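Visitor: Fold the following, please.
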Amino acid sequence: MTSITGDEILTEKPAKAGIAKTDMVGKALSLLVMLGDAPGATTAADLSRRADLPFSTAYRLLQSLQRAGFVDFEPEGKKYSLGLRVFQLGLYVSNSLGYAGTATPVLTRLTEKTQEASILAVQDEDRFLTVAKVDGPKAFRVTSDPGYRGYLHCSAVGKALVAFAEPGESARLVDTLELVPVAPKSITDRDEFRAEIERIRTLGYALMDEENEVGMRAVAVPVLDHDGRAIAAIACSAPTVRMTAEELVDQVPALRETAEELAARLPRH
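Guide: Numbering: from 1, shown residues only. Here you go, the predicted structure:
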């Protein structure tokens, strides 16, 4: 199995070696995160600008990451993208958390009921992370594949996670999340967002109506622990031409049944 070592990635050796090595590891990891957030491949020059690193440093780190299999390089466009080693480690994490083996069969049954895509997501700092997804049988795929990190404030799963987080964490998110205008209908007003989260707590489900992507709707419910706090959220997602908001809300009972099953099956952390 290919592995990355400290000597491979830590190519710079300033005087305070211990601190410098830790710093270089952080810089390398930040490049991997940026590659994950980028839509498709990108150049070393672009990554160095975004990471605020000298080009030579970014280039050397990318070369080390490429040798270890964490990064792929496309010679024709001189662009970098995440490598299979990252995917492999992601599968290890998914399996260790119980998501891959546990969630997918449950989501498959949900999709059979709704005939639309089912998504399981967890909170990842100030974003949500898609950890499992089952596409519906009809044409038109949902693009929130496993590994996708999206905004909390404009997605159904994200709003459900905020509404049913631990009270202190929920209040922090409501007050501090950057309300990015991802789509024309995204909530960008703080008071409106606060009212939306309160409405979700009352209703028990969150609705996304073209707030994250034009032409798409989704409804989500939290997967709750014994204290009523969200450990995850599940959503049913469909294009606007196929399901109205009211028709999506009709799927809430099936979503809640699935959430209860996942709450009993998913491990606690």
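
Visitor: Mind jotting down where the strands sit in the stretch 101-250 of the chain?
Guide: Counting by DSSP state E, counting those that start in this stretch, one finds strands in the stretch 101-250 of the chain at the ranges 117-124, 127-134, 149-151, 206-209, 216-224, 230-239.

Visitor: Let's have those strands in a markdown table, adding mean pLDDT.
Guide: Shown next, in a markdown table, are these (pLDDT from 0 to 100):
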| stretch | mean pLDDT |
| --- | --- |
| strand 117-124 | 92 |
| strand 127-134 | 90 |
| strand 149-151 | 91 |
| strand 206-209 | 97 |
| strand 216-224 | 96 |
| strand 230-239 | 95 |
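
Visitor: among these, which is nearest residue 82?
Guide: The closest approach between residue 82 and any of the strands of the stretch 101-250 of the chain, judged by CB to CB, belongs to strand 149-151 at 12.7 Å. All C-beta spots, glycine's among them, are computed from the backbone N, C-alpha and C.

Visitor: Can you tell me which helices and strands the closest one packs against?
Guide: With contacts defined as 3 or more CB pairs under 8 Å, 6 or more residues apart in numbering; DSSP states H and E, the packing partners of strand 149-151 are strand 127-134, helix 156-163.

Visitor: that older thread, need the strands of the stretch 101-250 of the chain in a markdown table (columns: distance to residue 178 and mean neighbour count).
Guide: What follows is the strands of the stretch 101-250 of the chain, written out as a markdown table (distance: least, CB to CB, whole Å; neighbours: other CB atoms under 10 Å):
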| stretch | distance to residue 178 | mean neighbour count |
| --- | --- | --- |
| strand 117-124 | 15 | 25 |
| strand 127-134 | 11 | 22 |
| strand 149-151 | 8 | 18 |
| strand 206-209 | 18 | 22 |
| strand 216-224 | 21 | 27 |
| strand 230-239 | 20 | 26 |
